[in-house]
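>>> Only the shape, not the letters, is given here:
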């Protein structure tokens, strides 16, 4: 019979076992694969952890072995170990062993005996309780208690006996125990001592055991097996903001692989296990369990499935891992004063950021690009509202065409103008400034004898001497390919002309080609008379000195007239075209130009440039530049118009930057990011001081204080012109100046410098600081020195006379002979000025009394290499009982006293009489 | 007990003096002269500008190159570079006398202690310029007769007095026991040198260094003369 329609009855008999087996096998494979994939393929960090655990285990075991080696080499340890072995052997054999065994068996017997005696006592006590009960009961029942009384008496007697016996037995036990302890004592004390000596080794072994779990048998490790890997994660609360601007946590799992980063001792381990660099400053001050990793490193913190994703190298992730010094761009998120972050060697941790920022300031980037926080930067270029009173027309045209042609190291970038454009620009500059120039020239007539004087060889020679000595060379060079102060990374070494090094101030090599003697003379007399905001200070030159210096400068270069330029500059069409060019290229970003005061910056705002997405960056026709933020920015700075196309014009000029400077600028630009960090992660403790330092540093950069002075361990470029013997004639080092001098004094000094070291030829110039600028500098120095209460007052009338006498005696010729080198009012020291030291009569107005104490105690500690020798330790014993602190204070107080009481005898002294004897008793 | 202590002290002293005696009984001697390979410069007088009552008692001359009429250079240091031998540090004296350093060049083995003496009784300061040893700048006022300073690392150290600019001396700290400073005539002698072939080097503050080979034989005197040429 046929089956149901369409069904073949023979199907029943068919075997599906092959298919079944196949399916089961497939299921098995898929199950195994899914478990494998879930636990192994997508958990690459597990392998790293196992590897690190093994590495750490080996390291600590190795350390333990080294420690063991050290112990083995230690004679004391060896001795103790030998003694212990000997003592242990003693115990285990021979007479001592027999005695110990005997004592032990005695002890057992005595213990039994003592227990028995003790038990007897306790039994008797029980009987006693019973008898007392019977006795009291009898009393209550009004029966005769005498029988019980007798019992109690008898038991009391027995108990006394038994107590004695028990005590005796206990004493016997103790005696034997003491004997045993005495025999063991040597072993015990040695064991304790060795345990102490072994502490470090044992700790290391414990530490190692924390990485690989040991299986032990009788104290010996049979084998160790790896721990089960675990995700290591840190949640950084409130670090990010979500789309609704609410604070959300950020999760970092970096330490799942980078396991050695927060541990010392893995400095030489391979990545990803290496100890973090600058450990003290980065890890100890920013514990990863609070700050995580990605706030500085970026990358995709929570990702663990692959190295690529964890490092954020994915088109969909906005902030890939920062590499190399690019990390320095993150410090500014929490630290207002990045420049003061130093490692234990005193090196700036974010040096590339610091230099990038300085480059940004000094190359005038903020003139064209708006950046929050840098809106009010002074214009870095020369003042052009009086251009026609200063410049030679032919030179101006050549200069605009290619500034690097005339001065290879100028900061002025090359706009790649054609000669026609240059003529147009010059025409506008001359025309727009002509009215101002007329007035200015009328007010500053050329000295009648100037033309003749500057040809006088005596003047030229004197001018050269002045140029060499008054301080011009701090900022300016006068030979091609020499430098005063270099800008950018080149400032870290004294450059031998590299093509891309930039000058802070113009090289005066061909100055006579550019301008006239009359202008140079007036400029030297007072630069601010011509340019109200110039960084060039006045050196307070006399008319004679200014003439001499002008004469010397005008021997450098000569006028080169281009025919036709004068006429072309007067052409109204050129003037009009020039004005349009000025507006288009934004010349007013760096220069003050007549009629252009209200123009706004022509460049793109860069406030959040570091957060720019790739799709916002225009690569033009450049297909071989990799599409990353770093590559776009590098090439933009290297060849600013590289992304221009036929339709997209680009205006940024060529600065001819060095690769290092570009990298530093990139670090700075990368730090211009969106998003604020909440206060709990920010360094807010001394925010005011930090801001004061930042403001002051900006001024120091603008006015180039570091041309002469070493400030924050940087600069002092002029010092290289002084030989070692003459270094005392160089401008003072200003590290720690905020602690050294009184703020009021510094303020007054900066307003109108008065010589502290009159023997110096170099002059502290007058910068004509405004009150605000002067305050900024004073606050900068006091903040750098961490002086929160700026000045300790000292009433010189309240100093005890004995102290003044002691101070006077200490400073006298027979003792420290301070005036051998120091000036005292009008009294100059003997010998040549190279050995002189500042006037101590002025110290009371100038120096911080606290600083003097530290200075006298150890001058080299405050200023390494100073000529001031240390007098301590080793003061005389016969003054103030030889007490160093008292002597130093007496000197300080006497210095303040004679400064405030000029020409007066000490209290209790008659004028002219020899100093009183100071008793040491 | 006391006797024992004295005996030990005597023994120790004997042992010490034995140590200072020739390390090589059959050692050789090197001697020679360091000469100037140019016209001897005339002595240049130094003007005394300060503390004339002490410093001005005798005339001062520049000491950076002192050449005697026969051409011998004083105060040059001669050192055997590659000789093995243990140095014996001890106490050496560096005096400030009449505002000059005596001796002008002091050579001594590393680890020695310099007794810096102030014979002048005026304020001097000892300012050293060194790289391997810590530099120091210590005042030595009238009442401080002696300052002791241990110098551990071999190097050439310049010593100046900032109170008297003309004062300039040198400490030549050696790493070998075989060294000598030339006398006024430029002569030197190094004794008790174990036999062998060595490089011998001369150092002079202004003329720099020069070296040559020297073969030392037991019980004999090897001669090693130098001629230093003016620089430049």
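Yep, it's here. Because the structure is a prediction, the values reported are computed rather than measured.
>>> I'd say residue A:225 and residue A:215 touch.
Yes: between residue A:225 and residue A:215 there is a contact at 7.2 Å, judged by CB atoms under 8 Å. From N, CA and C alone the C-beta is placed, and that goes for glycine too.
>>> residue contacts, residue 114?
Using chain A here. Contact analysis of residue A:114 by CB atoms under 8 Å, 6 or more residues apart in numbering or on different chains lists A:166, A:169, A:170, A:172, A:173.
>>> not what I meant, chain B
Counted by CB under 8 Å, 6+ apart, residue B:114 has contacts B:92, B:93, B:94, B:106, B:108, B:148, B:149, B:150, B:151, B:171.
>>> name the element the last one belongs to?
Under the assignment given by DSSP states H and E, the secondary-structure element containing residue B:171 is strand B:168-174.
>>> Check which helices and strands that strand is in contact with.
Here strand B:168-174 touches strand B:77-80, strand B:105-109, strand B:156-160, going by 3 or more CB pairs under 8 Å, 6 or more residues apart in numbering or on different chains; DSSP states H and E.
>>> Please pull up the helix or strand immediately following that strand.
Downstream of strand B:168-174 (by DSSP H and E), the next one is strand B:179-181.
>>> Quick one: residues in contact with that following strand.
With CB under 8 Å, 6+ apart, strand B:179-181 has contacts from B:75-80, B:103, B:105-107, B:109, B:172, B:188-190.
>>> give me that answer again for 10 Å
With contact meaning CB atoms under 10 Å, 6 or more residues apart in numbering or on different chains, strand B:179-181 is reached by B:30-32, B:74-80, B:83, B:87, B:103-109, B:170, B:172-173, B:187-191, B:200-201, B:203.
>>> returning to that earlier point: let me have the helices and strands packed on strand B:168-174 in TSV, extended by mean pLDDT.
Formatted as TSV, these follow (pLDDT from 0 to 100):
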stretch	mean pLDDT
strand B:77-80	93
strand B:105-109	94
strand B:156-160	93
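>>> Tell me which of these approaches residue A:137 most closely.
Nearest of the helices and strands packed on strand B:168-174 to residue A:137, taken as CB to CB: strand B:105-109 at 103.0 Å.
>>> what's the first-to-last distance across stretch B:120-128?
19 Å (CA to CA, to the nearest Å).
>>> buried ones in it?
Residues B:120, B:122, B:123, B:124, B:125, B:126, B:127, B:128 are the ones in stretch B:120-128 that count as buried (16 or more other CB atoms under 10 Å in any protein chain shown).
>>> same check, this time on stretch A:688-698
Those would be A:689, A:690, A:692, A:693, A:694, A:695, A:696, A:697, A:698, for stretch A:688-698 by 16+ other CB under 10 Å.
>>> tell me which parts of chain B are close to chain A?
For chain B, the contact set with chain A under CB under 10 Å from any CB of the partner chain comprises B:47-52, B:55, B:121-127, B:129, B:134-144, B:147, B:158, B:160-166, B:168.
>>> Now that we have these, which of them are buried?
B:48, B:50-51, B:55, B:122-127, B:137-144, B:147, B:160-166, B:168.
>>> which one is residue A:104 nearest to, not counting chain neighbours?
In this structure, residue A:104 finds its nearest non-sequential neighbour in residue A:180, 7.0 Å apart by CB to CB, 6 or more residues apart in numbering or on different chains.
>>> And what about that neighbour, helix, strand or coil?
helix (DSSP: H, G, I helix; E, B strand; the rest coil).
>>> ok, it to residue A:614 distance?
83 Å (CB to CB, to the nearest Å).
>>> the more surrounded of those two?
Set residue A:180 next to residue A:614 and count neighbours by other CB atoms under 10 Å in any protein chain shown: residue A:180 wins out with 16 against 12.
>>> and the contacts of residue B:114 as TSV, adding distance to residue A:402 and neighbour count?
Formatted as TSV, those follow (distance: CB to CB, whole Å; neighbours: other CB atoms under 10 Å in any protein chain shown):
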residue	distance to residue A:402	neighbour count
B:92	66	17
B:93	68	13
B:94	63	19
B:106	61	23
B:108	63	23
B:148	67	9
B:149	61	16
B:150	63	12
B:151	59	23
B:171	57	23
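>>> And those, which is closest to chain A?
Nearest to chain A among the contacts of residue B:114, counting by CB to the nearest CB, is residue B:148 at 10.8 Å.
>>> returning to that earlier point: determine which two of the buried residues of stretch B:120-128 are furthest apart.
B:122 and B:128 (19.8 Å).
>>> Confirm residue A:601 sits in a strand?
No: counting by three-state DSSP, residue A:601 is not found in a strand; it is coil.
>>> can you pull the contacts of it?
By CB under 10 Å, 6+ apart, residue A:601 lies in contact with A:366, A:367, A:368, A:369, A:370, A:371, A:375, A:586, A:588, A:589.
>>> Distance-wise, check the last one relative to residue A:651.
Distance, residue A:589 to residue A:651, using CB to CB: 11 Å.
>>> Check the fifth one too.
Here the distance between residue A:370 and residue A:651 works out to 16 Å (CB to CB).
>>> Buried residues of whichever strand or helix holds residue A:893, list them for me.
Using DSSP H and E, residue A:893 sits in helix A:884-900. Buried residues in helix A:884-900, counted by 16+ other CB under 10 Å: A:887-899.
>>> which among the residues you listed gets closest to residue A:764?
Scanning the buried residues of helix A:884-900 for proximity to residue A:764, where the rule is CB to CB, the winner is residue A:899, at 21.0 Å.
>>> which one is that closest one nearest to, not counting chain neighbours?
Nearest to residue A:899 is residue A:844, by CB to CB, 6+ apart, at 3.5 Å.
>>> In three-state terms, label that neighbour for me.
helix.
>>> circling back to that earlier point, which members of the contacts of strand B:179-181 come out as buried by neighbour count?
For these, buried by 16+ other CB under 10 Å: B:30-32, B:74-80, B:83, B:87, B:103-109, B:170, B:172-173, B:187-188, B:190, B:200-201, B:203.
>>> what sits against the residue nearest to residue A:104?
When contacts are counted by CB under 10 Å, 6+ apart, residue A:180 touches A:99, A:100, A:103, A:104, A:106, A:107.
>>> repeat for residue A:432
A:384, A:385, A:387, A:388, A:575, A:578, A:579, A:582, A:593, A:594, A:595, A:596.
>>> Whichever of those residues end up buried, select them in PyMOL.
The buried subset of the contacts of residue A:432, as determined by 16+ other CB under 10 Å, is captured in PyMOL by this line:
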select buried, chain A and resi 384+385+387+388+575+578+579+582+593+594+596
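>>> Now, the contacts of residue A:432 that are in strands?
With strands taken from DSSP state E, there is no overlap with the contacts of residue A:432.
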